[in-house]
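Structural data only, the sequence is not supplied:
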Ligand code: ADP
């Protein structure tokens, strides 16, 4: 039987409840979900790629068919090398649509890799990592926006920087 293996790509800086909702739903529909953090050395975020991977592993530990990794370069090459049949993405609002549509069409054109869109849970449709980082940096409460271990990681990171 063919394994239905999909990827959930992103920067996950850090993983939010919105990401986790998509990952959980994708895990119900497919045999294997690979959550992959794009490693872009030019982009410095709040967390290193290794820290993002550790947080993702922690918050998906209860999902046996989910694994976490990283990718560099073209996502479709990663997909080709690992027998991934589709990319799963969350769509929050119409504003996501134009960019995602372009990426999906290009990825199909490059490697015939399909993209499957899942509509965001309305509870999280306003949620993006950059906003969560900003709220935390200004001392706001992010406990309803990220899983508890991520909140603790964020507090530790801000304390380390002297912003806690
Ligand atoms: P962000 O936009 O939060 O920085 P990423 O680049 O890490 O997120 O996003 C990875 C994927 O997760 C994208 O497909 C994005 O649409 C999806 N995603 C991000 N936030 C949410 C959310 N709140 N609800 C549903 N999908 C989301």
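That came through, no problem. Quick caveat, the model's predicted, so the values are computed rather than measured.

In three-state terms, how would residue 7 be classified?
strand (DSSP: H, G, I helix; E, B strand; the rest coil).

Pull the number of nearby residues for it.
24 (other C-beta atoms under 10 Å). Where C-beta positions appear, they are placed from N, C-alpha and C, glycine not excepted.

hang on, isn't it packed against residue 75?
Yes. Checked against C-beta atoms under 8 Å, the pair residue 7 and residue 75 is within contact range at 7.2 Å.

Give the residues shared as contacts by the two.
Counting by C-beta atoms under 8 Å, 6 or more residues apart in numbering, the contacts common to residue 7 and residue 75 are 36, 87.

Spell out which parts of the chain neighbour the ligand.
When proximity is defined by C-beta under 6 Å from any ligand atom, the chain lies next to the ligand at 10-12, 16, 18-19, 22, 89-90, 92, 96, 120, 124, 127-130.

can you rerun that using 8 Å?
Taking C-beta under 8 Å from any ligand atom as the contact definition, the chain meets the ligand at 8-13, 15-19, 21-22, 38, 88-92, 96, 100, 118, 120-121, 124-132.

neighbours of residue 76, just the number please.
Around residue 76 sit 18 other residues, with neighbours defined as other C-beta under 10 Å.

Also residue 146?
26.

Likewise for the one 10 residues further on?
The local packing count at residue 156 equals 11, with neighbours defined by other C-beta under 10 Å.

now do residue 130
11.

mind checking the SS state of it?
Going by three-state DSSP: residue 130 is helix.

returning to that earlier point: are any of the residues of the chain next to the ligand buried, and which?
8-13, 15-19, 21-22, 38, 88-92, 96, 100, 120-121, 124, 127-129, 132 (16 or more other C-beta atoms under 10 Å).

Helices - which of these land there?
17, 18, 19, 21, 22, 96, 100, 129, 132 (DSSP state H).

List the contacts of the third one.
With contacts defined as C-beta under 8 Å, 6+ apart, residue 19 is in contact with 8, 10, 12, 90, 129.

Mind pulling up the pLDDT for the residue nearest to the third one when sequence neighbours are not counted?
With sequence-adjacent residues excluded and distances taken as C-beta to C-beta, 6 or more residues apart in numbering, residue 12 is closest to residue 52, at 4.8 Å. In the predicted model, residue 52 carries a pLDDT score of 97.
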